[in-house]
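In: how does the following fold in three dimensions:
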Amino acid sequence: MPSSFNVESADGYERLMGRWSRRLAPMLIDFTGLANGNRVLDVGCGTGSLAFTLAETPGLREIVAVDYSPVFVEAATRRNTDPRITIQQADACALPFEDNRFDRAMSLLVLHFVPEAGKAVSEMVRVVRPGGVVAAAVWDHYGGMSCMRMMWDTVVMLDENALPLRRKYCFQPMMRPGEMKESFIAQGLVDVEETSLLIRMEYSSFEDYWDPIAAGEGPLGKYVAGLDPAKRRAVDAAVRAAYEAGEPDGPRSFASVAWACRGQVPAEG
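Out: Purely as a prediction, here's the structure:
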């Protein structure tokens, strides 16, 4: 099942989201919990933020990272220097691993881009041993991503065609309160807990904030790339005005919140 995320380049993704997922990765790892000797699966590894952060734990036996995008797989493979990490292309909804293969399965900022997110959770449960842990985090686009909501809320004032795109962005799978927890329980996990993880996204300038979008990365970038020149200039100017908020261009910091959920695969017997 392909992701609905628009990928133009690995470097562009790094500027749009990779740098922030690296801040979130240690928090998801702490929430999940690890033990010496664990075999860990990273579902939807992107450019490797979670996998390479996991590798900072010396006691892990194996880290397997998968992604549907060959662009991401190639970029992560190129960066990898740890022999415990293997990276391959795979579908989150049809993982190419036997049952009970891993101690932990984790997914960072991926499930909301998987149309059949519940099926992806089911596959994570299948490949984790009894007593193991499944965990995931997704952005709270509606209530927790002020930097991106600011863009969408500005754009829809200029173009009503963007209204359904904003709605889709705000209410992607697993983003409503309790939705991921309900899915984890429905897939048979026990001791399920949901929480929020907070980071700050800090930009040095408007260009630092807007350039990855202007280059076509992500859902909003795909929309912007399809605008005619006049509307594109209007959108660029309006988003700049929103970013600057009447002050000179320069650094800005935005609180950004992700939903996180974990559950345990029931013990046998």
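
In: got the contact list for Arg252?
Out: Glu202, Tyr203, Tyr209, Tyr243 (CB atoms under 8 Å, 6 or more residues apart in numbering). Any C-beta I mention is one placed from the backbone N, CA and C, and that applies to glycine too.

In: would TSV of the residues you listed with neighbour count, pLDDT and secondary structure be doable?
Out: Shown next, in TSV, are the contacts of Arg252 (neighbours: other CB atoms under 10 Å; pLDDT from 0 to 100; DSSP: H, G, I helix; E, B strand; the rest coil):
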residue	neighbour count	pLDDT	secondary structure
Glu202	15	96	strand
Tyr203	16	96	strand
Tyr209	25	95	helix
Tyr243	23	98	helix
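
In: OK, contacts around Ala238?
Out: Ala238 sits next to Thr154, Val155, Met157, Leu158 when contact means CB under 8 Å, 6+ apart.

In: pull the contacting residues for the second one.
Out: When you say that, I think you mean Val155. Contacts for Val155 (CB under 8 Å, 6+ apart) come out as Ala162, Arg166, Leu220, Tyr223, Val235, Ala238, Val239.

In: least confident of these?
Out: Least confident by pLDDT among the contacts of Val155: that is Leu220, with 87.

In: not counting the helix or strand hosting that residue itself, show me its contacts.
Out: According to DSSP states H and E, Leu220 maps onto helix 218-225. Residues outside helix 218-225 that contact it (CB under 8 Å, 6+ apart): 4-6, 8, 13, 16-17, 148, 151-152, 155, 162, 165, 168-169, 212-216, 232, 235.

In: of those residues, which belong to helices?
Out: 13, 148, 151-152, 155, 165, 168-169, 212-214, 232, 235 (DSSP state H).

In: are any of those residues buried, and which?
Out: Buried members of these, scored by 16 or more other CB atoms under 10 Å, are Tyr13, Met148, Met151, Trp152, Val155, Leu165, Tyr169, Pro212, Ile213, Ala214, Val235.

In: the residue nearest to the fourth one when sequence neighbours are not counted - how many residues pack around it?
Out: Meaning Trp152. Among residues not flanking Trp152 along the chain, Arg166 sits closest, at 4.4 Å (CB to CB, 6 or more residues apart in numbering). Close neighbours of Arg166, defined as other CB atoms under 10 Å, add up to 20.

In: Arg166 contacts Met157, doesn't it?
Out: No: here Arg166 does not reach Met157: they are 10.7 Å apart, not a contact under CB atoms under 8 Å.

In: quick one: Val239 and Arg126, what's the gap?
Out: Note on Val239: its distance to Arg126, by CB to CB, to the nearest Å, is 43 Å.
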